[in-house]
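Engineer: test case, fold it:
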Amino acid sequence: MSMGKRMAAEFLGTFWLVLGGCGSAVLAAKFGGDGNPLGIGFLGVALAFGLTVLTGAYAFGHVSGAHFNPAVSVGLWAGGRFPARDLLPYIVAQVLGGVLAGFILLQIASGAPGFAIDGSQAGAFASNGYGALSPGGYSIAAAFLCEVVLTAVFLVVIMGATHGKAPAGFAPIAIGLALTLIHLISIPVTNTSVNPARSTAVAVFAGSGALGQLWLFWLAPLLGGLIGGIVYKWIGAEPR
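Structural biologist: Numbers count the residues shown, from 1 in each chain. So this is what the prediction gives:
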């Protein structure tokens with residue numbers, strides 16, 4: 001498959017992840033106010049992120065491998081599954097796809113009367129944060145550890161589910177459910193990143209607070225991806 005088509009698949013897949021996952025958080029999580037049965041809450045948001053990856057992987061996995069996440073690309077490189085020469089094109093496509101989704105989400109959300117982004121609030125426009133911008137007020141150390149560990153585990157699941165000896169055809173289900181579980185754990189801590197493209201996509205519209213903390217949501221997931229890729233490369237290596 002040509003690099004152009006692979007980049008297009010990564011662009012579209014990341015676009016779908018941000019529009020579906022962050023869109024559910026911005027538009028549907030508190031629809032009608034707290035306690036309204038039509039609002040999906042953070043359980044619904046967690047499921048939405050998992051469903052975007054599951055459906056996106058089935059749609060684009062055969063084209064690009066369905067990374068949709070710079071940390072996944074870096075982790076697969078560390079695990080010996082992805083060439084270094086393809087990292088930059090993939091990451092550029094992922095970030096651009098995510099930012100376009102963030103822009104479109106902003107246009108949709110702005111159509112509601114009274115909509116405004118308060119960048120001083122935790123989770124503003126589905127952004128990630130620590131300290132005062134953490135949904136639960138978690139410290140920078142807790143946020144960093146959470147993002148590193150959960151991204152590392154995510155890579156282990158991805159590499160295991162796509163291993164040649166894993167059951168064929170079921171990898172997107174395992175990966176999507178893993179991302180759902182990751183959100184159930186970490187929405188209170190960081191509003192869940194584990195994906196620098198997803199964090200960047202909304203931070204650029206959420207204000208200076210989110211942008212000022214964006215470094216953590218690049219560094220921690222990329223480090224976690226490296227750790228997960230290296231660990232699985234060792235665990236899953238075939239005996240000589």
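Engineer: in stretch 122-131, what's buried?
Structural biologist: 122-130 (16 or more other CB atoms under 10 Å). The way it works is simple: take the backbone N, C-alpha and C, and place the C-beta from them, glycine included.
Engineer: swap that for stretch 86-99, sorry
Structural biologist: 86, 90-91, 93-99.
Engineer: same question, stretch 2-10
Structural biologist: Quick answer for stretch 2-10 (16+ other CB under 10 Å): 6-10.
Engineer: also stretch 218-227?
Structural biologist: So, applying 16+ other CB under 10 Å, buried residues of stretch 218-227: 218, 220-227.
Engineer: closest one to Gly164 out of those, please.
Structural biologist: Gly225 (21.0 Å; CB to CB).
Engineer: ok now the host helix or strand of that closest one, how far from the chain's centre?
Structural biologist: Using DSSP states H and E, Gly225 sits within helix 216-235. Helix 216-235 sits 14 Å away from the centroid of its parent chain (CA atoms, centre = their mean, to the nearest Å).
Engineer: which of the buried residues of stretch 218-227 sits closest to Val153?
Structural biologist: Using CB to CB, the buried residues of stretch 218-227 come closest to Val153 at Gly224, 8.1 Å.
Engineer: which residues does the nearest residue to the closest one once chain neighbours are set aside contact?
Structural biologist: Leaving out its chain neighbours, the residue that sits closest to Gly224 by CB to CB, 6 or more residues apart in numbering is Thr151, at 2.9 Å. Thr151 makes contact with 71, 75, 194, 220-221, 223-225, 228 under the criterion CB atoms under 8 Å, 6 or more residues apart in numbering.
Engineer: again with Leu177
Structural biologist: So Leu177 contacts 50, 54 (CB under 8 Å, 6+ apart).
Engineer: just the pLDDT for it.
Structural biologist: pLDDT recorded at Leu177 is 97.
Engineer: do the same with Ala124
Structural biologist: pLDDT recorded at Ala124 is 95.
Engineer: sounds good, over and out.
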